[in-house]
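[1] Sharing a model that was predicted from the sequence below.
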Amino acid sequence: MYGIVNQAIQGLVTDSFGQQKWEEILKDSKVDIDSFSNKGIYPDKITYDLAISASKILNVSLDDVLFSFGKYWVLNIANLKYNSLLKTGGNHAFEFLKNLPNFHSRVMLYYPDIQPPEFQVEEVDSKTLILHYYSFRSGLSSFVKGIVIGLGDFFGNEIVCELIDLKEDQHTSSTFEIKWLD
Ligand code: HEM
């Protein structure tokens with residue numbers, strides 16, 4: 001994945017737990033890179049190893065690491081670096097989510113070699129969406145859930161998101177039910 005993803009994991013850890021914890025995570029993961037390039041492409045294994053070591057060193061589940069990472073991704077990385085791109089998706093979390101299937105094609109203007117996830121959205125009623133997530137990667141559904149909740153915070157909408165189906169081998173096909181509570 002592009003280095004911005006690893007930079008963001010580093011940012012989450014150092015902002016929340018300090019530089020020393022990040023160094024412990026680097027050491028535990030045996031990732032021998034202390035500065036990631038935003039647009040460099042790194043093997044996915046590096047990202048997974050960092051997340052697994054963060055879970056071990058910070059003593060939280062891997063799903064919790066990925067969920068926090070998803071929220072951090074929206075509220076810090078996307079909000080601060082790609083605010084106008086984020087706003088092209090709408091001005092309400094539900095509107096944004098309905099446009100999500102096209103979102104990474106706009107991200108490709110910045111990251112042309114991305115291997116993006118795919119999404120499909122079904123509108124059940126004005127307060128309920130079903131979100132299907134497909135990836136050739138595995139293990140990242142909690143990251144998606146963190147992003148969805150982060151989008152609620154970003155747009156100021158209270159939403160809940162529940163994983164209702166998960167099919168995973170080397171690839172992922174998972175489904176979320178998202179409800180808007182406002
Ligand atoms: C400005 C906002 C965003 C930017 C710049 C961005 C960019 C990226 C980049 C660079 C990657 C790494 C993939 C690669 O290098 O092959 C990625 C992965 C991913 N993105 Fe986005 N993204 C954004 C918003 C979102 C949103 C709103 C979602 C919604 C859930 C999302 C879901 C994901 C997921 C799940 C992955 C992991 C890859 C996978 O599932 O296979 N992203 N994104």
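    On my side now, so go ahead.
[2] so what pLDDT did residue 182 get?
    You'll see residue 182 listed with a pLDDT of 70.
[3] For it, which residues are in contact?
    157, 158 (CB atoms under 8 Å, 6 or more residues apart in numbering). Yep, even glycine has a C-beta here, placed from its N, CA and C like the rest.
[4] gap between it and residue 165?
    To residue 165, residue 182 is 26 Å away according to CB to CB, to the nearest Å.
[5] Over to residue 152?
    Counting by CB to CB, the separation of residue 152 from residue 165 is 21 Å.
[6] Who has more neighbours out of these two?
    residue 152 (24 against 12; other CB atoms under 10 Å).
[7] where does that one land in three-state SS?
    Under DSSP: H, G, I helix; E, B strand; the rest coil, residue 152 falls in the helix class.
[8] any low-confidence regions in the protein?
    Counting by pLDDT under 70, the chain contains no low-confidence residues.
[9] Would you mind giving the domain segments of the protein?
    3-60, 84-180 (automatic domain parsing).
[10] next one: the shortest one to chain centre, how far?
    Its chain's C-alpha centre and that of domain 3-60 lie 14 Å apart, by CA atoms, centre = their mean, to the nearest Å.
[11] Any residues of the chain in contact with the ligand? List them.
    Within the chain, the positions near the ligand by CB under 6 Å from any ligand atom are 1-2, 4-5, 78, 82, 85-86, 100, 103-104, 107, 111, 114-115, 117, 135, 137, 140, 143-144, 147.
[12] would you list every one of the strands in this structure?
    Per DSSP state E, the chain carries strands over the ranges 118-125, 128-135, 159-168, 172-180.
[13] Quick one: closest of these to residue 45.
    Residue 45 sits nearest to strand 128-135 of all the strands of the chain, at 15.7 Å, using CB to CB.
[14] Buried ones in that closest one, by neighbour count?
    Buried residues in strand 128-135, defined by neighbour count with 16 or more other CB atoms under 10 Å: 129, 131, 133, 135.
[15] likewise stretch 52-69?
    Across stretch 52-69, burial judged by 16+ other CB under 10 Å covers 52, 53, 54, 55, 57, 58, 63, 65, 66, 67, 68, 69.
[16] quick one: which of those is nearest to residue 93?
    Nearest to residue 93 among the buried residues of stretch 52-69: residue 67, at 16.4 Å, using CB to CB.
[17] Quick one: residues contacting that closest one.
    142, 143, 145, 146, 149.
[18] Could you do residue 78 as well?
    Residues counted as contacts of residue 78 (CB under 8 Å, 6+ apart) are 85, 86, 154.
[19] So the second one sits against residue 154, correct?
    Same thing as residue 86. Yes - checked against CB atoms under 8 Å, the pair residue 86 and residue 154 is within contact range at 7.0 Å.
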